[in-house]
Structure formats: C-alpha cells, structure tokens
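S.K.: need a structure here:
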Amino acid sequence: MDDQFTIYIEKMHKTHDNLMSELGTIRAGRANPHVLDRIMVDYYGTPTPIQQVGNVSVPEARILQIQPWDKSVMKEIEKAINMSELGINPTNDGQVIRLVFPELTEERRKELTKDVKKKGEAAKIAIRNIRRDAMDLAKKLEKNAEITEDDLSRQTKDIQELTDHMIEKIDKSVEAKNKELMTV
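M.R.: Numbers count the residues shown, from 1 in each chain. I've put the predicted structure just below:
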C-alpha cells in the first residue's frame with residue numbers, strides 16, 4: 001500500500017493493541033499483574049501507575065504481591081486499589097500488599113465473557129470504520145485522477161484484505177480470552 005494508507009494500517013494495529021490491553025485488565029481468576037495497569041496511585045501529588053511505585057509479583061497462582069519501594073506510599077496504594085473497580089480488598093503486613101483473587105463463579109465468568117465479546121465487537125466496528133475512511137480516500141484519489149482505476153482496485157483489495165486479517169486477529173484474541181475465562 002502507498003504511504004497515504006500507512007496511517008490506516010497503523011490505526012488498525014493500534015485498535016487491536018488497545019483491545020489486547022483492555023482484555024489484559026479483565027481478571028480470569030488467576031492473578032495477572034495487568035489488572036493493575038489502569039490503577040493510579042497518588043504519589044506525592046502525582047497520579048502514578050502502581051508498577052512505578054513498587055515491585056509487582058505473582059508468588060502464587062491467585063495472589064498478587066506489591067512491594068512498594070517507598071513504604072510511605074503503602075496507604076495510597078491500598079486506597080487506589082480500594083477505589084478501583086477491581087473488587088478485591090488488599091491486605092497489608094507493613095512490608096508488602098497482597099491481593100488474593102477469589103475463584104470466579106460460573107455466573108461471573110459468563111458476565112466477563114459477554115464483556116469480552118462487547119469489547120471485541122467494538123474493536124471490529126472501529127476496524128470497519130477505519131476501512132471505510134481508507135476506501136473513501138482511495139475513491140477520492142481516483143476521482144481527482146491522482147491514482148488510476150487499476151490502482152483504486154488494488155488499493156481497495158489490499159484494504160479489504162488487511163481488514164479481514166485484523167477482524168480475524170480480533171476474533172482469535174476474544175476467543176482466547178473467553179477460553180481463559182471459562183477454564184476453571
């Protein structure tokens with residue numbers, strides 16, 4: 001594809017990357033450090049990601065452990081976790097903060113899979129909107145005689161192939177996350 005279309009290629013890839021980061025924040029019964037990605041701690045007046053104020057580790061399958069580099073920020077980390085939508089109460093022993101992830105109920109797993117499907121659908125809609133914009137550009141270039149009819153045909157074919165590839169990638173990502181969620 002031409003340089004004019006690289007922005008659309010990048011947008012499609014960014015859409016998929018964004019979906020992957022959103023799916024990473026959905027907990028599946030196992031401890032995953034990415035569930036903390038969007039939680040910000042008030043670190044001396046500055047909103048800071050938890051990963052930047054301490055070491056996050058997974059000592060056991062269902063436990064996340066946060067060891068702050070500065071012990072004075074422990075209360076702020078606990079506060080940020082409690083205010084988040086994580087739904088887990090942190091325990092603090094003075095040295096580390098532990099998050100124990102309970103087993104997900106069947107009902108909760110099904111709710112999460114619906115949420116994952118919605119996020120996947122939203123990503124596919126975004127991809128299709130990007131395709132429409134790229135197709136509009138190609139038609140405009142052909143109308144203004146900047147590209148030939150053959151170029152237009154090739155461009156629309158390339159754009160459609162990329163769209164199909166990205167939709168397939170999104171479907172696989174959603175399927176993998178749903179499989180992870182439904183595994184007990």
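S.K.: Who are the contact partners of the residue sitting furthest away from the middle of the chain?
M.R.: Taking CA atoms, centre = their mean, the residue of the chain most remote from its mean C-alpha position is residue 145, at 40.4 Å. Counting by CB atoms under 8 Å, 6 or more residues apart in numbering, residue 145 makes contact with nothing. Using the backbone N, CA and C atoms, a C-beta is placed for each residue, glycine as well.
S.K.: Confirm that it lies within a helix, as I assumed.
M.R.: No: read with DSSP: H, G, I helix; E, B strand; the rest coil, residue 145 is coil and lies in no helix.
S.K.: mind checking how far it is from residue 151?
M.R.: 11 Å (CB to CB, to the nearest Å).
S.K.: do the same with residue 137
M.R.: The value you get for residue 137 to residue 151, if CB to CB is used, is 12 Å.
S.K.: swap in residue 38?
M.R.: From residue 38 over to residue 151 (counting by CB to CB), the distance is 43 Å.
S.K.: Residue 171 too?
M.R.: Residue 171 is 30 Å from residue 151, by CB to CB.
S.K.: care to break the chain down by domain?
M.R.: 3-24+105-182, 33-100 (automatic domain parsing).
S.K.: can you count the residues close to the nearest residue to residue 62 once chain neighbours are set aside?
M.R.: Excluding its sequence neighbours, the residue lying closest to residue 62 (CB to CB, 6 or more residues apart in numbering) is residue 101, at 4.5 Å. The local packing of residue 101 (other CB atoms under 10 Å) involves 21 other residues.
S.K.: What does the pLDDT read for residue 101?
M.R.: On the pLDDT scale, residue 101 is placed at 81.
S.K.: Tell me the backbone dihedrals of it, please.
M.R.: In this entry, residue 101 is assigned phi and psi values of phi -90, psi 120 (degrees, to the nearest 10).
S.K.: what's the helix or strand in which residue 20 is found in contact with?
M.R.: Assigned by DSSP states H and E, residue 20 belongs to helix 6-24. Contact with helix 6-24 is made by 1, 32, 34-35, 37, 116, 119-120, 123, 126-127, 130-131, 133-134, 137, 159, 162-163, 166, 169-170, 173-174, 177, as judged by CB under 8 Å, 6+ apart.
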